[in-house]
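1. What shape does this take:
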Amino acid sequence: MRYRITDNFTGQITDTDNLHPETMTEEGYLVPARKAGSRSFRAAVLPAEVTIPEKGALWELATYHMVAGVNLIGHRTKTGFTGYSAASIGDLVGLHSRSKRSKFLNKMLRLRIMHRVKDSRGEWLYFINPAYHMAPGWRLSATLYSFFSKELDPILPEDIRKEFRRRAPEAALTESDAVEEVEDIMGVADV
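-> Numbers count the residues shown, from 1 in each chain. Below you'll find the predicted structure:
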């Protein structure tokens, strides 16, 4: 069977005779396409304590304000990408008071629906758990796996989990390594 592959970065189109693209590469695990669209893992269900308005806020962030490929809540700039601040995230979903915004973000962090990391400039970067939302066609990177392995392990195939764990000692992925990897993708220059 022939199909076409489009490189997301260069736009180059390649014809191939292979039936399936390689699922695990240096870039990460290619999550199989599902009819669920961007939510690739049907087995992952948001915790029961997430309210309907909070689900709507998460959907808004993941659909319109998430940088595909790294699951960063942010936006494109002239030099790459940048993450939204807590105040900006609150404004995007209509939580303008500091207490409501803090309550929402702290709950998402506590439930591991989001993860935050301080970048080299001292600013917080917020990531959405790919178990709950991941852009179609993108690969699950070692960085995202390291942030959310507890939630991803029950839904990923065993061979993929083993491969991520096998690579972990080689990569020696610490949180600062993860920030560097994300900043490379975002196009952030060293300060």
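2. Now residue 43. Nearest residue, chain neighbours left out?
-> Excluding the flanking residues, the one nearest residue 43 by C-beta to C-beta, 6 or more residues apart in numbering is residue 155, at 4.7 Å. C-betas here are computed from N, CA, C, even on glycine.
3. Can you tell me how far the one you found is from residue 102?
-> Distance, residue 155 to residue 102, by C-beta to C-beta, to the nearest Å: 30 Å.
4. buried sites along stretch 145-155?
-> The neighbour-count check on stretch 145-155 (16 or more other C-beta atoms under 10 Å) flags 145-148, 151-152 as buried.
5. do the same with stretch 157-167
-> Buried, per 16+ other C-beta under 10 Å, within stretch 157-167: 160-161, 163-164.
6. which residues sit against it?
-> Stretch 157-167 has contacts (C-beta atoms under 8 Å, 6 or more residues apart in numbering) with 23-24, 29, 142, 145, 149, 152-153, 156.
7. if we go to 7 Å?
-> The contact list for stretch 157-167 (C-beta atoms under 7 Å, 6 or more residues apart in numbering) reads 24, 29, 142, 145, 153.
8. Go through those residues and name the one nearest residue 77.
-> Residue 77 lies nearest to residue 142 out of those, by C-beta to C-beta, at 24.8 Å.
9. just checking, the closest one touches residue 28?
-> Yes. Using C-beta atoms under 7 Å, residue 142 is in contact with residue 28, at 6.3 Å.
10. could I get the buried residues of stretch 145-155 as JSON lines with pLDDT, secondary structure and distance to residue 46?
-> Shown next, in JSON lines, are the buried residues of stretch 145-155 (pLDDT from 0 to 100; DSSP: H, G, I helix; E, B strand; the rest coil; distance: C-beta to C-beta, whole Å):
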{"residue": "145", "pLDDT": "88", "secondary structure": "helix", "distance to residue 46": "20"}
{"residue": "146", "pLDDT": "86", "secondary structure": "helix", "distance to residue 46": "22"}
{"residue": "147", "pLDDT": "89", "secondary structure": "helix", "distance to residue 46": "17"}
{"residue": "148", "pLDDT": "91", "secondary structure": "helix", "distance to residue 46": "14"}
{"residue": "151", "pLDDT": "90", "secondary structure": "helix", "distance to residue 46": "11"}
{"residue": "152", "pLDDT": "89", "secondary structure": "helix", "distance to residue 46": "15"}
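11. can you name the two of those that are farthest apart?
-> Largest pairwise distance in the buried residues of stretch 145-155, by C-beta to C-beta, is 12.0 Å, between 146 and 151.
12. Nearest spatial neighbour of residue 132, chain-adjacent residues omitted?
-> residue 44 (5.6 Å).
13. Could you look up the SS state of the one you found?
-> Residue 44 falls in the coil class when you classify it by DSSP: H, G, I helix; E, B strand; the rest coil.
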